[in-house]
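Peer 1: 3D, please:
(one chain, ligands or ions: 1)
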Amino acid sequence: MHIRRLQIQSLRSLDDVRIELESGLNLLIGPNGAGKSSVLEAVYLLSHGRSFRSGAREALIQRGRDGLSIFAEVSDTAERHHRLGLGRQGGRWQAHIDGEAGRNMGELVAHCAAICFEPGSHALIAGPAEERRRYLDWGVFHVEHTFLMHWRRYQRALRQRNATLRVQGRMLDASALEPWEAEMSRAGEAVESARRDYIDRLRPHLDQHLHALVPELGAVRLEYRRGWSEEQALGEALEQRRERDAMRGHTATGPHRADWHVVFEHAPQREHLSRGQEKLCALGCMLAQGSLYAESSGSWPIVCLDDLASELDQAHQRSVAAALASVQAQVLITGTDFVPALDGIDATLFHVEHGDVRRHPPT
Ligand SMILES: Nc1ncnc2c1ncn2[C@@H]1O[C@H](COP(=O)(O)OP(=O)(O)OP(=O)(O)O)[C@@H](O)[C@H]1O
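Peer 2: Here you go, the predicted model:
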């Protein structure tokens, strides 16, 4: 999969940016604050429907403007082309596919798959479980699109159960909870089964990519917790926890509490990893997800590596660049300077300065 043309309007410092990207390695070079990460952020917004940076969504919109828009022409391996658009105006997102407005975000992100490694990515290893669930669900969604429907049904029923628990407090009325629990149970078991299948398929890819990046940590094991006891059906677990959940005012068990970790032979606890190793593990997890995506769909997702040179040492930069060059992925790498580790690898260069992006040499 690759983006041939990218247009960005009023995203942070980027205004009226038009870039023709190559299907191989694209290198975006420029000083601090030039707008390099914002280019990757635009790709991420199209592929995830949210930014990889924390903060208010309105902060994405260029100061003084009332909306932003991103447009991309995307091609997949079957040489199918799609024109994708995403805009934000009046506090709402709007998705366009092939000129048709009003499409839902799930449809948009299904057409554009990108993985991104950026300075905040170590949160995948060291941060809250939410980061790891998002990672997992992104992958599951791209191999099984119906996952999103089950997940949304589950979340709707979860919100209703929580609201009922809060209204009822200690005066529990089981009949008001049962329909929501039945729905949570049906949708939640489907979510769990899709996640488990995905985890099983991901394991060999994780072995391969983590071994390549952090061989010193020894054999890796992926531990997955589904969010409720392995011995119980979800409906049973929810029923059993009604009183405790009512005291807390929310549902503390179910697939919305799932989590996973990678555990290494020579670093059995997360605290045994250095910050650099956390980053490498996060990168390994992303590349594993990319290669599983390629196995299922026939092509790699777009790979975005933000500020590669300051995140990884030279040897790791070289091995990542070489690995990606060998799998024919479209790669977007940013840096404040030319990345020496990419020497000898065919790359297209873009200069980024004051929100302006220019190909070098110009075509
Ligand atoms: N809403 C906004 N409106 C206008 N400018 C913004 C807005 N939000 C951020 N900016 C500016 O846009 C630029 C965004 O920079 P970005 O993070 O893309 O730069 P970068 O080239 O990746 O920098 P670095 O190398 O420092 O990471 C910064 O100059 C920032 O001050």
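
Peer 1: what's near enough to touch Gln89?
Peer 2: Taking CB atoms under 8 Å, 6 or more residues apart in numbering as the criterion, Gln89 is in contact with Asp66, Gly67. For glycine as for every other residue, the C-beta is placed from the backbone atoms N, C-alpha and C.

Peer 1: Just the pLDDT for it.
Peer 2: Per-residue confidence (pLDDT) for Gln89: 94.

Peer 1: same thing with Ala323?
Peer 2: Model confidence at Ala323, given as pLDDT, is 81.

Peer 1: what's the helix or strand for it?
Peer 2: helix 314-326 (DSSP states H and E).

Peer 1: same check, this time on Cys304
Peer 2: Going by DSSP H and E, Cys304 is in strand 302-305.

Peer 1: mean confidence score for that strand?
Peer 2: On average, strand 302-305 scores 96.

Peer 1: So for the helix or strand following that strand, what gets flagged as buried?
Peer 2: Going down the chain from strand 302-305, the next helix or strand is helix 308-311, by DSSP H and E. Neighbour-count burial for helix 308-311 flags Leu308, Ala309, Glu311 (criterion: 16 or more other CB atoms under 10 Å).

Peer 1: roughly how far out does helix 308-311 sit from the chain middle?
Peer 2: Distance of helix 308-311 from its chain centroid, counting by CA atoms, centre = their mean, to the nearest Å, is 19 Å.

Peer 1: can you redo the buried residues of helix 308-311 as a markdown table with pLDDT and distance to Pro340?
Peer 2: Below are those laid out as a markdown table (pLDDT from 0 to 100; distance: CB to CB, whole Å):
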| residue | pLDDT | distance to Pro340 |
| --- | --- | --- |
| Leu308 | 88 | 11 |
| Ala309 | 87 | 8 |
| Glu311 | 84 | 15 |
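
Peer 1: Take those and lay them out in TSV including distance to Tyr135.
Peer 2: Output for the buried residues of helix 308-311, formatted as TSV (distance: CB to CB, whole Å):
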residue	distance to Tyr135
Leu308	20
Ala309	24
Glu311	18
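
Peer 1: Reformat the residues you listed into JSON lines and put distance to the ligand next to each item.
Peer 2: Shown next, in JSON lines, are the buried residues of helix 308-311 (distance: CB to the nearest ligand atom, whole Å):
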{"residue": "Leu308", "distance to the ligand": "12"}
{"residue": "Ala309", "distance to the ligand": "11"}
{"residue": "Glu311", "distance to the ligand": "11"}
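
Peer 1: In the stretch 151-300 of the chain, mark out all the strands, start to finish.
Peer 2: For the stretch 151-300 of the chain, strands defined by DSSP state E, counting those that start in this stretch occupy the ranges 220-225, 259-264.
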